[in-house]
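Undergrad: Make a model of this:
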Amino acid sequence: MTDNIAEVAKKLKSQLAVLKDKRAILRSPELRDLYSKIKDIPADQKRAYGQAVNALKQELETIIETHEAQAASDSVKVLDVTAPFDTNAKSWPQLLTADLGSKHPLMSELEKISDIFYRMGFTVAESRQLDDDYHMFTSLNFPEGHPARDDYDTFMTVETDKHGKKFIAPAHTSTMQNRLLKKYKSNLAAGKPIAVLVPDRVFRNEDLDARHEHTFYQFEGIYVDKGANAGHLMATLKTFLQEYFQQELEVKTQPFYFPFTEPSFEFALSCPFCKKQGCSICSYTGWIELLGCGMIHPNVLKMAGIDPTVYTGFAWGSGVERLVMVKNDIEDVRYFESGKLDFLRQFK
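TA: Numbers count the residues shown, from 1 in each chain. Reported below is the predicted structural model:
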């Protein structure tokens, strides 16, 4: 098993040395083939095999990033027009060079999350920064005047759409659900599932504190197929979280209410830091409440032109900041949007 990975690694590194588009190696058939074989590996070897393949991919990414950094340093220096300048100097020397920058931790984690779900067969789609009442509420089984509309503390614009409804800053990435179900419902006719991940920014009129922010990121998952059930939902989320935290985890659910799912659940995982013994991160309960999920409501499927008597689906939504805070023991969500350099430098 490891001999095969080592053989592929040698071949890919050799190709990498001569490739002009070095990032193409990450989409190579050889690397995809290694991932596709995971499902056939014996259960007692699956974890070690998966970690070895991931390690190879990370090694290739490191080589590519090193090459890109070297190529950038050999070229003309990038000018950061937002950096401070000495306006009294004859040539206006730059005091802060662009190569001192780094990816924001949320962007780095979003890439990791998207990569995991991509390997699980999900297509990744972007949300919108401005949307309408239909996609925010009506298409998700929130009738006019429904009290659950008030739970989202939605930002609205003064401008209105052609129906006289105010435009909305999306309060959840579920605004894309109706569009994506319609876009990919041809998959169902072809015998394929709808499997889409939507990571993006959302906005809510929150009272700011260590756990609440008016601007944050979510990732929404949508899956529809014949026979899709709650067991598939739990297995999907557990597989993702174990890959994300790189350890075995227990999960549990409890009933909840969302207008767009039925049944609906709150989803919790065993604390990856104290192994359910109790610590400050899990408030000494041994469990961390992480996200909301459930089976897509039949009305939502009907709104997208999908027959709920033939197809079922599940969906979930999770805050990215919440995951990153748990993973890195960050105590205040406001740090992410604050521009605090001493905080951001930890992730360089």
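Undergrad: avg pLDDT for the lengthiest helix in the chain?
TA: If you go by DSSP state H, the chain has its longest helix at helix 43-74. On average, the pLDDT along helix 43-74 is 84.
Undergrad: same thing with stretch 318-331?
TA: Mean predicted confidence for stretch 318-331 is 85.
Undergrad: Over to stretch 192-211?
TA: Mean pLDDT, stretch 192-211: 86.
Undergrad: Over to stretch 222-232?
TA: In this model, stretch 222-232 carries a mean pLDDT of 96.
Undergrad: let's number from 23 now, not from 1
TA: In the new count, where the first residue is 23, that last one comes out as stretch 244-254.
Undergrad: Mind listing what's buried along that stretch?
TA: Across stretch 244-254, burial judged by 16 or more other Cβ atoms under 10 Å covers Ile244, Tyr245, Val246, Asp247, Ala250, His254. C-beta: built from backbone N, CA, C; applies to glycine.
Undergrad: Just name the closest of these to Ile138, please.
TA: Nearest to Ile138 among the buried residues of stretch 244-254: Tyr245, at 14.6 Å, using Cβ to Cβ.
Undergrad: helices and strands of the protein: which one bottoms out on pLDDT?
TA: Lowest mean confidence among the helices and strands of the chain (mean pLDDT, DSSP states H and E): strand 177-182, at a mean of 76.
Undergrad: ok, back up a step: of the buried residues of stretch 244-254, which is the nearest to Leu53?
TA: Checking these against Leu53 with Cβ to Cβ, the nearest one is Tyr245 at 24.8 Å.
Undergrad: host element of the closest one?
TA: strand 237-247 (DSSP states H and E).
Undergrad: Now do that strand against strand 177-182, angle only.
TA: Computed by axes from the mean of the first three to the mean of the last three Cα atoms, to 10 degrees, the angle separating strand 237-247 from strand 177-182 equals 80 degrees.
Undergrad: Please identify the helix or strand for the closest residue in space to Glu270 that isn't next to it in sequence.
TA: Excluding the flanking residues, the one nearest Glu270 by Cβ to Cβ, 6 or more residues apart in numbering is Gln264, at 6.2 Å. For Gln264, the element it lies in under DSSP H and E is helix 252-267.
Undergrad: May I have that helix exported as PDB, CA atoms only?
TA: Output of helix 252-267 as PDB, limited to C-alpha atoms (Å, rounded to 0.1, in the frame of the first residue of the first chain):
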ATOM      1  CA  ALA A 252     -31.000  11.000   8.400                       C
ATOM      2  CA  GLY A 253     -28.500   8.200   8.800                       C
ATOM      3  CA  HIS A 254     -26.700   9.400   5.600                       C
ATOM      4  CA  LEU A 255     -26.700  13.000   7.000                       C
ATOM      5  CA  MET A 256     -25.100  12.000  10.300                       C
ATOM      6  CA  ALA A 257     -22.500   9.800   8.600                       C
ATOM      7  CA  THR A 258     -21.600  12.600   6.200                       C
ATOM      8  CA  LEU A 259     -21.100  15.200   9.000                       C
ATOM      9  CA  LYS A 260     -19.200  12.700  11.200                       C
ATOM     10  CA  THR A 261     -16.900  11.800   8.300                       C
ATOM     11  CA  PHE A 262     -16.200  15.500   7.500                       C
ATOM     12  CA  LEU A 263     -15.500  16.400  11.200                       C
ATOM     13  CA  GLN A 264     -13.200  13.400  11.700                       C
ATOM     14  CA  GLU A 265     -11.200  14.400   8.700                       C
ATOM     15  CA  TYR A 266     -11.200  18.100   9.700                       C
ATOM     16  CA  PHE A 267     -10.000  17.400  13.300                       C
END
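Undergrad: In terms of secondary structure, what does the strand holding Tyr245 contact?
TA: helix 127-141, helix 199-211, strand 216-225, helix 252-267, strand 334-341, helix 342-350 (3 or more Cβ pairs under 8 Å, 6 or more residues apart in numbering; DSSP states H and E).
Undergrad: how many other residues sit next to the spatially closest residue to Ile318 that is not a sequence neighbour?
TA: Spatial nearest neighbour of Ile318, excluding adjacent residues (Cβ to Cβ, 6+ apart): Gly335 at 4.1 Å. Close neighbours of Gly335, defined as other Cβ atoms under 10 Å, add up to 28.
Undergrad: For Gly335, which residues are in contact?
TA: When contacts are counted by Cβ atoms under 8 Å, 6 or more residues apart in numbering, Gly335 touches Ile216, Ile244, Tyr245, Val246, Asp247, Ala250, Met317, Ile318, Leu323.
Undergrad: Show me the two of the residues you listed that sit farthest apart.
TA: Longest span within the contacts of Gly335, Cβ to Cβ: Ile216 and Met317, 14.0 Å.
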